[in-house]
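Visitor: Fold the stuff below for me.
(chains A and B)
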Protein chains: 2
Amino acid sequence: MTTLVFGHKSPDTDSTGSPIIWAWYLNRIKGVEAKPVLLGEPNTEAAFVLERWNLDKPEIVTEVPADTPVVIVDTNNPAELPRGINDCDITGIIDHHKLVGGLETRGPIEIRIEPLACTATIMWKMIGDDIAQMPTEIKGAMLSCILSDTLEFRSPTTTQEDTAIAWDLAKDLGVDIPAYAAEMFAAKSDVSAFSEAELLRMDSKEYEVGGKQLRISVLETTAPHQILDRKEALIAAMPGVAAEDGADQVLLFVIDILNEEATLLVPDDLVKRIAEASFGVTVDGDTVVLPGVMSRKKQIIPNLKV
Amino acid sequence: MTTLVFGHKSPDTDSTGSPIIWAWYLNRIKGVEAKPVLLGEPNTEAAFVLERWNLDKPEIVTEVPADTPVVIVDTNNPAELPRGINDCDITGIIDHHKLVGGLETRGPIEIRIEPLACTATIMWKMIGDDIAQMPTEIKGAMLSCILSDTLEFRSPTTTQEDTAIAWDLAKDLGVDIPAYAAEMFAAKSDVSAFSEAELLRMDSKEYEVGGKQLRISVLETTAPHQILDRKEALIAAMPGVAAEDGADQVLLFVIDILNEEATLLVPDDLVKRIAEASFGVTVDGDTVVLPGVMSRKKQIIPNLKV
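Guide: Reported below is the predicted structural model:
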């Protein structure tokens, strides 16, 4: 039975590229028949990466039949995976997020979670000397994942290992990192085709904070005005999205990659209170700028208070 | 704050030795202040190993205060750990059991689970070249963990990596594996000091099978008759142990290390039914021999049916 390799729902570059990398490794190096799949349409940056490196877009699946052998990458959170994920035969987990608990395996399997910026970086370490056999397009996916997750080394999640491996890959591939990262971020920043509800859900995770169920959304962009120009419509769409998703509110952080700051939309008193309690700012109006804030994992989630 | 490193309750050799190995690594190589502790009295084999290698017996703790930094080894099962384990600051998990779900971490941490026979084998791989700096007594603990968990390479959980690393360590230490393993197993086999209830709980894990809560106990021994001579008393103690521990029944497998077979005690019709359905045997009397069965993880648990 073919092993399916996938990342989280609403796949970004790491959740699109890492399954491709690992399925290559399983097929070519480990002799395990494997296929990368996506749990949704890749975001615009991931779609650009696939095209740039001539990679086939993996099939999109929404359900995975019971007993299917699967390798889960870039998440360990059942809420970000197909329903009934524990009925699959989970044969591997590779991730760089905190353990949330909930996944169960049938026997002892290989699980590798490390506090690095990117899943692909962990894979690089696991693949070891077999990297030499990796074709250009898989190396290209690997480099793209690291540049995406580190925001070209600007994110505070970036480690020396992520940086060193990315430069190594770039040298090998003859890629000019600043120029290529700019192309990737431009692709990610082009969100004109999306509705407000789609933007609010594009890169979003649910967290409970002080009894409130919050949808914490980030939009990383080199063109923040493209999003902030739509702030009234985005704020108007929040109650509907929150209600549909069973959340109390949506927190949308527009991450300005180049200026290394976030702008949080402030639709109501709850979000105003959260912003002031969490980030030590005074809110006046329907947005607030948070200097230096770039990482949901490292700077937003750990500080959230209601 | 000192990081506490510990394995599971009712510590065997791996859950006694691996915390000592990892605390050494954190202190000496990683510069992290760490201390091994035990969640109970070590078994007779583990006590022998501590004495043989002149290792201090780690302090026994039953509770770990909230917010204590901890590294969990040789288990990922909250039921085998102190109550409130998720209120600790879990900073690492190294294990070789199936993921049962339930542990949660505060942020992304290093988690390494591999389908090898022994936690110490995974540590050997993680420590890498720094093994060269490891003192004799820590290498002795490492070798002992592998010989214990593999039953001197007889258990079907044994992998090539476990075997190769053990022979490497033995050569380095000048240890004669068959002679040393025989001493370890003799220590484990001397259970004369224990009550029947203690024997039933000594190496025991709870599993639900077909709606029944079962306490699956194994006693690995080179002197099975020492245990089987007490079978009436052991069977008489089962209902009390099961009731106290909220289980429906105790399954006691006496593992004969040298003859590579298990003898299951059959106190009642439920266990008779389980034995016949799970292992394809016909039960006649109050024991049944299961040829080749040595591993709870690999041969008992995956086959259990009610």
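
Visitor: got the phi/psi numbers for the closest residue to chain B within the stretch 151-300 of chain A?
Guide: Using C-beta to the nearest C-beta, residue A:297 is the residue of the stretch 151-300 of chain A that sits closest to chain B, at 7.0 Å. In this view, the C-beta of every residue, glycine as well, is placed from N, C-alpha and C. Main-chain torsions, residue A:297, degrees, to the nearest 10: phi -70, psi -40.

Visitor: Residue A:46 reaches residue A:7, doesn't it?
Guide: No - using C-beta atoms under 8 Å, residue A:46 makes no contact with residue A:7, being 10.0 Å away.

Visitor: joint contacts of those two?
Guide: Residues touching both residue A:46 and residue A:7 (C-beta atoms under 8 Å, 6 or more residues apart in numbering or on different chains) are A:15, A:16.

Visitor: if you count what's nearby, which of the two comes out ahead?
Guide: residue A:7 (32 against 27; other C-beta atoms under 10 Å in any protein chain shown).

Visitor: which residue sits closest to the more buried one in space, ignoring its chain neighbours?
Guide: The shortest distance from residue A:7 to any non-neighbouring residue, by C-beta to C-beta, 6 or more residues apart in numbering or on different chains, is to residue A:15 (2.8 Å).

Visitor: hmm, back to that, the residue of the stretch 151-300 of chain A closest to chain B: how many residues sit nearby?
Guide: Neighbour tally, residue A:297, other C-beta under 10 Å: 20.

Visitor: give me every residue that touches it.
Guide: Contacts for residue A:297 (C-beta under 8 Å, 6+ apart) come out as A:97, A:98, A:157, B:107, B:108.

Visitor: helix, strand or coil for residue A:267?
Guide: coil (DSSP: H, G, I helix; E, B strand; the rest coil).

Visitor: Not counting sequence-adjacent ones, nearest residue to it?
Guide: According to C-beta to C-beta, 6+ apart, the nearest residue to residue A:267 is residue A:235 (4.3 Å).

Visitor: Quick check: buried residues in the helix or strand hosting the one you found?
Guide: Element membership for residue A:235, per DSSP states H and E: helix A:231-244. Under the neighbour-count criterion of 16 or more other C-beta atoms under 10 Å in any protein chain shown, helix A:231-244 has A:231, A:234, A:235, A:237, A:238, A:241, A:242 buried.

Visitor: which residues touch the first one?
Guide: With contacts taken as C-beta under 8 Å, 6+ apart, residue A:231 has the following neighbours: A:265, A:286, A:287.

Visitor: Equivalent analysis for the second one, please.
Guide: Counting by C-beta under 8 Å, 6+ apart, residue A:234 touches A:196, A:199, A:200, A:227, A:252, A:265.

Visitor: repeat that with 7 Å
Guide: For residue A:234, the contacting residues are A:196, A:199, A:200, A:252, A:265, by C-beta atoms under 7 Å, 6 or more residues apart in numbering or on different chains.

Visitor: Closest one to residue B:259 out of these, please.
Guide: residue A:200 (65.4 Å; C-beta to C-beta).

Visitor: near chain B, which residues of chain A show up?
Guide: Within chain A, the positions near chain B by C-beta under 7 Å from any C-beta of the partner chain are A:96-115, A:302.

Visitor: check which helix or strand covers the residue lying farthest from the centre of chain A.
Guide: When each C-alpha in chain A is compared with the mean C-alpha position (C-alpha atoms, centre = their mean), residue A:284 comes out farthest, at 30.7 Å. When elements are defined using DSSP H and E, residue A:284 is found to belong to no helix and no strand.

Visitor: What are the phi and psi values at it?
Guide: phi -140, psi 100.

Visitor: what about stretch A:281-293, distance to the chain center?
Guide: Distance, stretch centre to chain centre, for stretch A:281-293: 24 Å (C-alpha atoms, centre = their mean, to the nearest Å).

Visitor: Sorry, slip of the keys, the one I care about is stretch A:212-230.
Guide: With C-alpha atoms, centre = their mean, you get 14 Å for stretch A:212-230.

Visitor: can you check stretch A:288-300 too?
Guide: Worked out by C-alpha atoms, centre = their mean, stretch A:288-300 lies 15 Å from the chain centre.

Visitor: Pull it out as PDB, backbone CA atoms only.
Guide: What follows is stretch A:288-300, C-alpha atoms only, in PDB (Å, rounded to 0.1, in the frame of the first residue of the first chain):
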ATOM      1  CA  VAL A 288      -2.000  48.700  16.000                       C
ATOM      2  CA  VAL A 289       1.600  48.200  14.900                       C
ATOM      3  CA  LEU A 290       3.800  45.700  16.800                       C
ATOM      4  CA  PRO A 291       7.400  46.400  16.000                       C
ATOM      5  CA  GLY A 292       9.600  43.400  15.600                       C
ATOM      6  CA  VAL A 293       6.800  40.900  15.700                       C
ATOM      7  CA  MET A 294       7.100  38.300  12.900                       C
ATOM      8  CA  SER A 295       6.500  34.900  14.400                       C
ATOM      9  CA  ARG A 296       3.200  33.500  15.600                       C
ATOM     10  CA  LYS A 297       5.000  30.500  17.200                       C
ATOM     11  CA  LYS A 298       7.600  32.500  19.000                       C
ATOM     12  CA  GLN A 299       6.200  36.000  19.600                       C
ATOM     13  CA  ILE A 300       2.400  35.900  19.300                       C
END
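
Visitor: what ranges do the helices span in the stretch 101-250 of chain A?
Guide: Ranges of helices within the stretch 101-250 of chain A are A:119-127, A:136-150, A:160-173, A:177-189, A:196-202, A:224-228, A:231-244, based on DSSP state H, counting those that start in this stretch.

Visitor: For the residue nearest to residue A:267, which residues are in contact?
Guide: A:265, A:267, A:286.

Visitor: Now the strand or helix carrying residue A:262: average pLDDT?
Guide: Per DSSP H and E, residue A:262 falls inside strand A:261-265. Computed over strand A:261-265, the mean pLDDT rounds to 97.

Visitor: Name the next helix or strand following that strand along the chain.
Guide: Following strand A:261-265 in sequence, per DSSP H and E, is helix A:269-279.

Visitor: what is the orientation angle of that next one with strand A:261-265?
Guide: 150 degrees (axes from the mean of the first three to the mean of the last three C-alpha atoms, to 10 degrees).

Visitor: Outside of helix A:269-279 itself, list whatever touches it.
Guide: A:249, A:251, A:264, A:266, A:281-283, A:288, A:290, A:303-306.

Visitor: now the residues you listed in CSV, with neighbour count?
Guide: Formatted as CSV, the contacts of helix A:269-279 follow (neighbours: other C-beta atoms under 10 Å in any protein chain shown):
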residue, neighbour count
A:249, 19
A:251, 27
A:264, 24
A:266, 23
A:281, 15
A:282, 8
A:283, 17
A:288, 19
A:290, 20
A:303, 15
A:304, 20
A:305, 11
A:306, 16
